[in-house]
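[1] quick one: sequence plus predicted model below, questions after.
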Amino acid sequence: MLKAYTAAAVACGILLVSLPPPTVSAQSPAVRVIVNAANPVTVISVAETSDIFLKRATRWKAGGLIRPVDLPMDSTVRAEFCRQVLGRSPSAVEVFWNKQIFSGQIFPPPVKRSEREVLAYVRDNEGAIGYISGSTTLETGVKPVTLTGKQ
């Protein structure tokens, strides 16, 4: 009897390992990039967004100061954003920022404790850009932007 259970458990394990990874529906992306509603930007490339969040770009094309904002390191939304947009793990991003801080170059974006705080920051700062879960309800004063390019 034990052998039968063991064989079934192994078979289930093999089945789970062989399943394709889950996909994210195009209708509800895992992460949405948002900007202040007054910002004229409606489309932005993944590369530009990466440059903004790594502070390689500091001004919008219209001239205003870019003010990126992050979620906490342990946020699953931040982990997905790092993977999709920055092409790095959250820990690799943390190493990047530690090197920048140590060298006195630049400092990371401010970190807000929740998606609600990110929404408030973006709403209250004209040059702000942030990210939230695709399922989070947008508030007045912020708008989503379309990401183009490699994700």
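    Structure received. In this text, all values refer to a predicted model and were calculated from it rather than measured experimentally.
[2] which residue packs closest to residue 44, ignoring adjacent ones?
    Leaving aside its sequence neighbours, residue 44 sits nearest to residue 145 (C-beta to C-beta, 6 or more residues apart in numbering; 5.1 Å). (C-beta placed from N, C-alpha, C; glycine too.)
[3] no, scratch that, I was asking about residue 64
    Nearest to residue 64 is residue 127, by C-beta to C-beta, 6+ apart, at 4.5 Å.
[4] okay, the residue nearest the centre of the chain and residue 60: tell me how far apart.
    Centroid check for the chain by C-alpha atoms, centre = their mean gives residue 81 as the closest residue, at 2.2 Å. As judged by C-beta to C-beta, to the nearest Å, residue 81 and residue 60 stand 20 Å apart.
[5] correct me, but the residue nearest to residue 44 touches residue 46?
    No: counting by C-beta atoms under 8 Å, residue 145 stays clear of residue 46, with 11.2 Å between them.
[6] name the residues that touch stretch 69-80?
    Contact with stretch 69-80 is made by 30-31, 53, 81, 89-90, 94, 108-115, 118, 121-122, 128-133, as judged by C-beta atoms under 8 Å, 6 or more residues apart in numbering.
[7] could you flag which of these are buried?
    Using 16 or more other C-beta atoms under 10 Å as the burial test, these include 30-31, 53, 81, 90, 108-109, 112, 115, 118, 121-122, 128-133 as buried.
[8] which of those residues fall in helices?
    53, 81, 90, 115, 118, 121, 122 (DSSP state H).
[9] could you report the distance from the residue nearest to residue 44 to residue 56?
    Distance from residue 145 to residue 56, by C-beta to C-beta: 18 Å.
[10] these two: who's more crowded?
    Using other C-beta atoms under 10 Å as the criterion, residue 145 and residue 56 rank with residue 145 on top: 16 against 11.
[11] low-confidence ranges, the chain, go.
    For the chain, applying pLDDT under 70 flags the ranges 1-28, 151.
[12] show me the contacts for residue 68.
    Neighbours of residue 68 in contact, by C-beta under 8 Å, 6+ apart: 52, 53, 55, 109, 128, 129, 130.
[13] check residue 93 too.
    82, 86.
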